[in-house]
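Peer 1: Structure, please.
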Amino acid sequence: MQAALHLLYPPQCISCGEAVTSDFGLCAECWRATPFIAGLVCDQCGTPLPGADRTERVLCDDCLTIARPWERGRSALLYGDNARNLVLALKHGDRMDLARPAGTWMAKVVQPILTPGMLVVPVPLHWLRLFRRKYNQAALLSKAVAGLTGLAQCPDALIRRRPTGTQDGKTRDGRFANLIGAFHVPPRREAAIRDRNILLVDDVMTSGATFAAATDALVAAGARSVSVLSLARVAKDR
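Peer 2: Here you go, the predicted model:
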């Protein structure tokens, strides 16, 4: 049946539409243009670091100087080149199908920081933005990662209390200030969060302000620990 479907509907590159050999894949050119993160990374935010991969914990300059309320972090892509195109297509282009391959990349890179019984939680949108966009890209990624890792997911563990607008153009301090108190664990979900290790999922990490504010809310609700996972990481030199 699958072979017959491929004859009728040949697999296409998820980025450019060119023919590929398998579903939900990238063609060779788009693969080369997509900056996957591999090798040595900061153990707290997932940004790539120079040097050979090592077993001991290594932190980037930002994570050495900025207080991070979460414990560990990973990201699948550097936000640039074709990775930026994929993120924007998922976020603003109604390309919900991209959550499946993106979730596969994220599930692979997050393996070193997973713990048994972790609860996967997406960063929420404010209800006004969700109404306009019709879906939360972080929730789609969270669902894909949970399914691939065999972990439970709680898609409504967090709510965004108020619209926070875009973070574009704000300084690092402005980004953090804009999100103070923005997230909350509703009473009906406190029991699910209490004493659990949480994997917090979002599409992009820039300064870490969103992850920090959401982590604070989870810890305040009694989470044992929080680790973070993003599809793409904005690196300093980009």
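Peer 1: Show me the shaky parts of this structure.
Peer 2: Within the chain, the segments meeting pLDDT under 70 span 1-8, 165, 169, 237-238.
Peer 1: and it, what are its domains?
Peer 2: Following automatic domain parsing, one finds the domains of the chain at 1-33, 35-233.
Peer 1: want to throw the ones you listed into CSV with mean neighbour count?
Peer 2: (Glycine included, C-beta is placed from N, CA and C.) Putting these into CSV (neighbours: other C-beta atoms under 10 Å) gives the following:
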stretch, mean neighbour count
domain 1-33, 13
domain 35-233, 18
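Peer 1: Tell me the span between the first and last residue of stretch 157-170.
Peer 2: End-to-end distance of stretch 157-170 (C-alpha to C-alpha, to the nearest Å): 27 Å.
Peer 1: Then stretch 42-53?
Peer 2: 10 Å.
Peer 1: Run the chain-centre distance for that stretch.
Peer 2: Distance, stretch centre to chain centre, for stretch 42-53: 17 Å (C-alpha atoms, centre = their mean, to the nearest Å).
Peer 1: List of residues touching it?
Peer 2: Contacts of stretch 42-53 from elsewhere in the structure, counted by C-beta atoms under 8 Å, 6 or more residues apart in numbering, are 37-41, 57-60, 62-63, 68, 70-75, 78, 109, 113, 205, 208, 228-230, 233, 235-236.
Peer 1: rerun at 6 Å
Peer 2: For stretch 42-53, the external contacting residues (C-beta atoms under 6 Å, 6 or more residues apart in numbering) are 37, 39-41, 57, 59-60, 63, 68, 72-75, 233, 235.
Peer 1: Pick out the most distant pair among these.
Peer 2: Longest distance between any two of the contacts of stretch 42-53 is 21.3 Å, between 39 and 68; criterion C-beta to C-beta.
Peer 1: hey, where'd the helices end up in this structure?
Peer 2: Under the criterion DSSP state H, helices of the chain are mapped to 2-8, 28-32, 61-65, 81-92, 99-109, 127-133, 137-149, 172-178, 190-193, 209-220.
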